[in-house]
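[1] Please find the sequence and the predicted model below.
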Amino acid sequence: MFKTADGDEIFIIDGHIAFWDGSAANQRNRHGAEFIDCFYDYHRNLSPEEWLWPHDKFTKYDEDTMLHDLFGRGYVDMAIFQPVGLTDFYKEPFGNIEKNFGLVEKYPGRLIGNGYFDPRDGERGLDLLEYRAKTFGLQGVKLYTAEWHGDSKGYKLSDPWAQRYLAKCLQLGIRNIHVHKGPTIKPLNRDAFDVADVDDAASAFPELNFIVEHIGLPRLDDFCWIAVQEPNVYAGLAVANAFIHTRPRYFAEIMGELLYWLGEDRILFGSDYALWHPKWLVEKFMSFELPEDIQKESGQRLTLSIKKKILGENAARLYGIDIEKAKRQLAGDSIAHVIEQAG
């Protein structure tokens, strides 16, 4: 939890974390190396120097490191796994749903585990989605529309099979659809992350929440024009957050646009751990304000109440989390010692 100089407590839900295995031992082919190396380039180019990891640690980190970084040093109170399989590139899933849920059970109340699906898996995939939903109590899924699948190098949410899977989510009570629509990662195709298909899906399924991770970058305008018309479309700040360090003016422009078009209730914080560490992201965000010219043009400011919404309250609403109740339950839990040791 982050505490301001005035004693205000900010309950933080990190809406986008991963516990991946991109190690050489898990790489199925050269594309596995290309993917994790591209991730590392983002980490290296957008992180403050003191927060850089060596490449070997970045490809596969352990449970204790993740817990310490998120809940010890990183101010995070709760975090949401957003896994992706990438089994064309990796022997075991890059993000392992079963492994994640082992941690969800081990540290109750701290972690939420989302699933994923690929509509190109057809009927078999629908059965697997139902099994995982019932076994793990899924509240959300993470979709990677540019993921490779045999000869296919992507799909759209408007595809007939994708629509069947979204209908299945609705039936199973999975309401939060997190969709990667952002910068490409080598060797995936940039255009397969185009944000346009979110419009169709959001209109077809108004009962579902579409959290567009990475806010459609580099297609921010397209995303905003869709989101302003679709009240069930949300902005996931993962990746965009990191520009607060290297490109603060650009980050301010992004936030001005999001606040102008979507408003303060549809923006969610995500560190994209382990791409970036939440500690420096949270600290810089809490001290950040929009420049005067952007305030004047957009009519927006980053007030404390808005920062509270972005850092935790908006995600809590989507996932049915009572923050005050969560505070009481997490006090003195099994990893509270990690927080105490971090000081």
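    Done, it's in.

[2] show me where the stretch 1-150 of the chain has helices.
    30-46, 55-59, 63-67, 97-106, 122-136 (DSSP state H, counting those that start in this stretch).

[3] Select, out of those, the one closest to Met286.
    helix 30-46 (18.5 Å; CB to CB). (Each C-beta comes from the backbone N, C-alpha and C, glycine too.)

[4] next one: the closest one to chain centre, how far?
    Relative to its chain's centre, helix 30-46 lies at 17 Å (CA atoms, centre = their mean, to the nearest Å).

[5] So which bits of that helix are buried?
    Using 16 or more other CB atoms under 10 Å as the test for burial, helix 30-46 gives 31-36, 38-40, 42-43, 46.

[6] and of these, the nearest to Ala274?
    Nearest member of these to Ala274, counting by CB to CB, is His43, at 7.7 Å.

[7] Do I have it right that that closest one meets Leu52?
    Yes - between His43 and Leu52 there is a contact under CB atoms under 8 Å: 7.2 Å.

[8] about what we covered before: I'd like the helices of the stretch 1-150 of the chain written out as a markdown table, with mean pLDDT and distance to Ala204 added.
    Listed next are the helices of the stretch 1-150 of the chain as a markdown table, based on pLDDT from 0 to 100; distance: least, CB to CB, whole Å:
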| stretch | mean pLDDT | distance to Ala204 |
| --- | --- | --- |
| helix 30-46 | 97 | 31 |
| helix 55-59 | 98 | 38 |
| helix 63-67 | 95 | 36 |
| helix 97-106 | 96 | 26 |
| helix 122-136 | 97 | 17 |
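
[9] could those helices go into JSON lines alongside distance to Phe11?
    As requested, the helices of the stretch 1-150 of the chain are exported to JSON lines (distance: least, CB to CB, whole Å):
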{"stretch": "helix 30-46", "distance to Phe11": "26"}
{"stretch": "helix 55-59", "distance to Phe11": "29"}
{"stretch": "helix 63-67", "distance to Phe11": "18"}
{"stretch": "helix 97-106", "distance to Phe11": "19"}
{"stretch": "helix 122-136", "distance to Phe11": "24"}
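
[10] Tyr75 is nearest to which of these?
    Across the helices of the stretch 1-150 of the chain, closest to Tyr75 is helix 63-67 (CB to CB), at 13.5 Å.

[11] Please state the offset of the closest one from the chain centre?
    18 Å.

[12] Contacts only, for Ala202.
    The neighbours of Ala202, taking CB atoms under 8 Å, 6 or more residues apart in numbering as the test, are 208, 210, 226, 230, 232-233.

[13] For those, work out which two are farthest apart.
    Among those, Leu208 and Ile226 lie farthest apart (CB to CB), at 14.6 Å.

[14] So which of those two has more stuff around it?
    Taking other CB atoms under 10 Å, Leu208 and Ile226 do not tie; Ile226 has more neighbours (24 against 19).

[15] Grab the nearest non-local neighbour of the more buried one.
    The shortest distance from Ile226 to any non-neighbouring residue, by CB to CB, 6 or more residues apart in numbering, is to Asp199 (4.7 Å).

[16] give me phi/psi at that neighbour?
    phi -60, psi -50 (degrees, to the nearest 10).

[17] per-residue pLDDT, it?
    pLDDT, Asp199: 97.

[18] Can you report how many residues lie near it?
    Neighbour number of Asp199 under other CB under 10 Å is 20.

[19] which residues touch it?
    226, 229-230.

[20] Can you lay out those as TSV showing distance to Gln163, secondary structure and pLDDT?
    Conversion of the contacts of Asp199 to TSV gives the following (distance: CB to CB, whole Å; DSSP: H, G, I helix; E, B strand; the rest coil; pLDDT from 0 to 100):
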residue	distance to Gln163	secondary structure	pLDDT
Ile226	17	helix	98
Gln229	19	coil	96
Glu230	16	coil	97
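
[21] Out of these, which is nearest to Tyr107?
    Glu230 (34.6 Å).

[22] how distant is stretch 19-34 from the center of its chain?
    With CA atoms, centre = their mean, you get 21 Å for stretch 19-34.
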